[in-house]
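S.K.: what follows is a predicted structure for the sequence shown.
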Amino acid sequence: MSADTSAPATQASPAAPEPVDPTLVGTTATRAERGRMRVPWRFIGGRAAFYLFTAWAAITINFFIPRLMKGDAVDAYMARSQGQLTPDAEKALRLMFGLDHSVPLWQQYLDYWGMLLRGDLGVSISTGMAPVGDAIAAALPWTLGLVGFATIVSFLVGTVLGAVIGWRRGGRLDVLVPVTTFLGTIPYFWLGLIFIAAFSSVLGWFPAGHAYEVGVDPGWNADFIGQVLSHAALPVITIVIASLGGWVLGMRNMMLTVLDEDYITVAQAKGMPNRRVLWRYAARNAVLPQIQSFALSLGFIVGGTIVMEMVFSYPGIGLLLLGATNAKDYALMQGIFLVLVMAVLVANIIADIAYAILDPRTRQTEA
Amino acid sequence: MTDTLLSVRDFSVVYDVDPPVRAVKNVTIDIRRGEIVGLAGESGSGKTTLAYGVQRLLKPPAVITGGSVVFHDADGSDVDLHALDTEQMRRFRWDKVSMVFQGAMNALNPVATIGAQLDDVFRVHRPGMSRAQRRAEAVDLLEIVKVGGQRIRSYPHELSGGMRQRVMIAMALALRPQLMVMDEPTTALDVLVQREILKQISQLRHEFGFSVVFITHDLPLLLEISDRIAVMREGEIVELADAERLWTDPQHEYTRDLLRSFPRLTGERGVVVR
Amino acid sequence: MTTLEFRGVTKLYNVRGSGQLKALDDVSFTLHSRQTIGLVGQSGSGKSTIAKILTQLETPTHGEVLLDGAPIPRRGKGLRMYRQQLRMVFQDPFASLNPYHSIRHHVERPLRLDRVVPRDQVDAEVRRLLERVRLDPDAVMERRPHELSGGQRQRVAIARALASRPALLVADEPVSMLDVSIRLGVLNLLADLQREEGLGVLYITHDLATARHFSDEIMVLNQGRVVERGPADDVILRPRDPYTRELRAASPDPEEFFRRRAAQTTGGAR
């Protein structure tokens, strides 16, 4: 723009270089030129620090909880064995559990960390003195596999359904929203029991419980895998039905908000076919909050399935925790709590990463 | 090839709410080839509804209740825009008539790169182009609007308002349309940025020969850039004249009122007096 | 006579990862009652920062802000009195009024809080204020903001600002979100009130034309610095700073435009 005040409307030669073109003063566009996806080190560093701190805090709290309770694991064991233990045996047990009162607290804390880093979570009294780690390792895959799979299926089906329902607002599919949310309000155990009664007892399509046939040895063979699948079918179906409503509702509502945005109008004005606008423009934006919810629910997979495992006698973490609580098996409970906390943290990390990948805006600012 | 590009006859739009609102009332206007027509009016005057309605971009509860819109293509054919089915309309869009929207703040998909959004246009409308061709074309467009080809990988939030507007213009130019409808394209921008964008539009118009319908409430702006101006009020065009004529000799009372409501930058201190 | 002074105010913001942002750089000016100053700046110029400092949402990094020679109070009774003396009218008529309360409530609050008039006269005072801004009290008092037009809402905002009988008024883009045909009406109202009440008004805007129309004196802000100041006509018609010249050249001016075109077509000298 020339400094000559007498030429507001006349055009300077279009090719003449302008000293500072105000429109080309960008925000952070200069940095975008290099590389495909800038790795937001600052962002990652900040999140990593946060998670490390949370993990440490969780572990420390986990350390303190049984020590804050009246009476400890060894007392409980002693009560169960009704005074048949000698004081020496008691002392040995205390050492084993890391509950030796003669050792100062901070020493116990350090020992605890030492045990953790060695992967030693202690000994479980309710499963015949087996290492806690083993007990959890036996149960965890069942929970993760079944509930993880069910949650993912529920999320995908619910989100896609919600996207389509939101797109066709006012259409016939709208009825699916109250239907799925209604199904979600049915008490889960009732749903599970009804399904068992209907599909297992009466129709005999699926087995009634457990992960596989009783008395069969687990192995990577077709027969075993077939059993696992047929035993998992009912639990998966019931979980999906019960949780679908939430995903559908969330996605649909987000779609309605997004569809009012300008860039949707622009996309349609550009002559984009509806399918493209729906998936690449609308759903792609609407799904972002869903990802957050999904990540949080991943964290709860590990812990929140007690009811399902009771109804279907499924040998997962939930059942294990229930047993441990009833038996006052503190070591096992502690171990399970730890695993739960770690699972939630990991789920959150995954969510943060996924969100950062999916939403380029978060890479700049703190999430 | 006739001189008229778009013939709008007796066009009416009603918002089907309770009570119904007549947003556009029997509007008749011709847009000539290569001209810039300014559509002036306040909010609620119907100018945006008219521009959207003509391209069938209106959403419920807006209903087109009458009139015709005929596009006289440069290849000689006449297209009745309201006789096209959805698929034909979709193909017509952007190819013959494109739009530049207001406040490109939200007009670009926030989760897709600029390059992807330009690529979209070619993918859908020019299926014969290869990936390399599409990319080259997108870079070329960004160079034409002086944003720079390297911004292909940028996301909308990484660009300033002025840049985003230029990107919108590049997108609108992609298929070399014959008509560009611009809805308040510079309203959210600073005065300096605004002037640059307008210069750009003018240059492009000279280079590529398209017509422009420029919608805004800023009448002084229109007076400087338009060939003709249509003043709208409550759904009707109350005056349609050459820009200069409108300035020196406004016929309608409302036009005079509108001119009076803009204070003079230079000259005598006080309001514009006619 | 009340005087507000900005003395060498600098405001720095820390930007994560890229150092500091200088929002204001050594800005100084004085605003008296009975005076109008137009503060012209584009986005990023720092004009919003000045408004934030005046309302004490931000504090200067360097320099000081003085009211009648003393630093503006930040706490307690002094702060309340400061707020009574200096009022703001905001840009967005939709956002600056609480949608849940009636117009009466909005105008009453400052009257009650600052105890401007005795309690039994509050109602009459609300009516008086609404009439001053040329609204019909009976038509408007019991309504909620969404039932009024943008122009009416802005007038209510002005009435509310005047309730505490301030000496100074800061108007931050008061008409930019209103329809064009009513902008002048609201600006003329502000001008009339300024004259009648003897207010000092700081009119913050990006629009040169209205700044010229409204203010005695104009300051041009560019990237945090005052690049030009002076009587309104001088700054607009005879700008000395290159940035001001650019602004002026870029602003639409049909009168100049057509005059120039006429001169060209008749072969006038360039």
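M.R.: Yep, it's here. Numbers count the residues shown, from 1 in each chain, chains lettered A, B, ... in the order given.

S.K.: what's near enough to touch C:Leu39?
M.R.: Applying CB atoms under 8 Å, 6 or more residues apart in numbering or on different chains to C:Leu39 gives the contacts C:47, C:50, C:202-205, C:211, C:218-219, C:221. C-beta coordinates here come from the backbone N, C-alpha and C atoms, glycine included.

S.K.: so which strand or helix has C:Leu39?
M.R.: According to DSSP states H and E, C:Leu39 maps onto strand C:36-41.

S.K.: quick one: average pLDDT of that strand?
M.R.: Taken as a whole, strand C:36-41 has an average pLDDT of 93.

S.K.: check the offset of it from the chain's centre.
M.R.: 8 Å (CA atoms, centre = their mean, to the nearest Å).

S.K.: partner strands of that strand, with direction?
M.R.: strand C:200-205 (parallel), strand C:217-222 (parallel) (DSSP bridges).

S.K.: can you report how many residues neighbour residue 41?
M.R.: Since you didn't name a chain, this refers to chain A. Counted with other CB atoms under 10 Å in any protein chain shown, the neighbours of A:Trp41 add up to 9.

S.K.: um, chain B though
M.R.: Other residues close to B:Gly41 by other CB under 10 Å number 28.

S.K.: ramachandran angles for it?
M.R.: phi 160, psi 170 (degrees, to the nearest 10).

S.K.: what's the pLDDT at it?
M.R.: 89.

S.K.: what is the burial count for the closest residue to B:Arg195 other than its chain neighbours?
M.R.: In this structure, B:Arg195 finds its nearest non-sequential neighbour in C:Ala250, 3.8 Å apart by CB to CB, 6 or more residues apart in numbering or on different chains. Residues near C:Ala250, counting by other CB under 10 Å, number 22.

S.K.: in chain B, which spans are strands?
M.R.: B:4-15, B:21-32, B:36-40, B:62-72, B:78-80, B:97-100, B:179-183, B:211-216, B:228-233, B:236-242 (DSSP state E).

S.K.: and these: which comes nearest chain A?
M.R.: When the strands of chain B are compared by CB to the nearest CB, strand B:97-100 sits nearest chain A, at 4.9 Å.

S.K.: quick one: contacts for C:Phe214?
M.R.: Shown in contact with C:Phe214 (CB under 8 Å, 6+ apart): C:36, C:38, C:187, C:190-191, C:203.

S.K.: and what about residue 128, helix, strand or coil?
M.R.: No chain in the question, so chain A it is. coil (DSSP: H, G, I helix; E, B strand; the rest coil).

S.K.: that older thread, could you export the strands paired with strand C:36-41 as a markdown table, including distance to B:Ile36?
M.R.: Output for the strands paired with strand C:36-41, formatted as a markdown table (distance: least, CB to CB, whole Å):
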| stretch | distance to B:Ile36 |
| --- | --- |
| strand C:200-205 | 28 |
| strand C:217-222 | 31 |
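
S.K.: for A:Ile237, find the nearest of those.
M.R.: Nearest to A:Ile237, of all the strands paired with strand C:36-41, is strand C:200-205, at 63.3 Å by CB to CB.

S.K.: so for the next helix-or-strand element following that closest one, mean pLDDT?
M.R.: Following strand C:200-205 in sequence order, the next helix or strand is helix C:208-214 (DSSP H and E). For helix C:208-214, mean pLDDT is 89.

S.K.: swap in stretch A:269-283?
M.R.: 89.

S.K.: from the opening residue of that stretch to its closing one, how far?
M.R.: Stretch A:269-283 has an end-to-end distance of 18 Å (CA to CA, to the nearest Å).

S.K.: if we ignore the residues flanking it in sequence, what's nearest the one residue in the stretch 251-367 of chain A that gets nearest to chain B?
M.R.: In the stretch 251-367 of chain A, the residue that lies nearest chain B is A:Gly271 (3.6 Å; CB to the nearest CB). Closest residue to A:Gly271 apart from its sequence neighbours, by CB to CB, 6+ apart: B:Arg93 at 3.6 Å.

S.K.: near chain A, which residues of the stretch 151-270 of chain C show up?
M.R.: Contact residues (CB under 8 Å from any CB of the partner chain) of the stretch 151-270 of chain C with chain A: C:239, C:242, C:245-246, C:248-250, C:253, C:256-257, C:260-261, C:270.

S.K.: can you pull the contacts of the residue nearest to A:Gly271?
M.R.: A:268-271, B:55.

S.K.: now it, which residues is it bridged with?
M.R.: Bridge pairing for B:Arg93 - DSSP bridges - gives B:Val97.

S.K.: B:Thr86 versus that one, what's the distance?
M.R.: 11 Å (CB to CB, to the nearest Å).

S.K.: do the same with B:Gly66
M.R.: Taken as CB to CB, the span from B:Gly66 to B:Thr86 is 21 Å.

S.K.: picking up where we left off before, what's the PyMOL syntax to select whichever of the residues of the stretch 151-270 of chain C next to chain A are buried?
M.R.: To isolate the buried ones among those in PyMOL, judged by 16 or more other CB atoms under 10 Å in any protein chain shown, type:
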select buried, chain C and resi 239+242+245+246+248+249+250+253+256+257+260+261
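
S.K.: next, count neighbours for A:Ala49.
M.R.: Using other CB under 10 Å, A:Ala49 has 10 neighbouring residues.

S.K.: again with A:Ile350
M.R.: Neighbours around A:Ile350, by other CB under 10 Å: 15.

S.K.: centre-most residue in chain A?
M.R.: A:Leu298 (1.4 Å; CA atoms, centre = their mean).

S.K.: contacting residues for C:Asp207?
M.R.: C:Asp207 neighbours (CB under 8 Å, 6+ apart): B:191, C:40, C:176, C:251.

S.K.: counting only helices, which of those make the cut?
M.R.: B:Val191 (DSSP state H).

S.K.: please pick the buried ones from the contacts of C:Asp207.
M.R.: Here, 16+ other CB under 10 Å leaves B:191, C:40, C:251 buried among the contacts of C:Asp207.

S.K.: hang on, the earlier thing: using CSV, list the CA coordinates for the strand holding C:Leu39.
M.R.: C-alpha atoms of strand C:36-41 as CSV (Å, rounded to 0.1, in the frame of the first residue of the first chain):
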residue,chain,number,x,y,z
THR,C,36,-14.0,13.1,23.5
ILE,C,37,-11.0,11.0,22.3
GLY,C,38,-11.3,8.6,19.5
LEU,C,39,-8.9,5.6,19.8
VAL,C,40,-8.5,4.1,16.4
GLY,C,41,-6.9,0.8,15.9
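
S.K.: which residue ranges form the helices in chain B?
M.R.: B:47-54, B:86-92, B:114-125, B:131-144, B:161-173, B:191-208, B:219-225, B:243-248, B:253-260.
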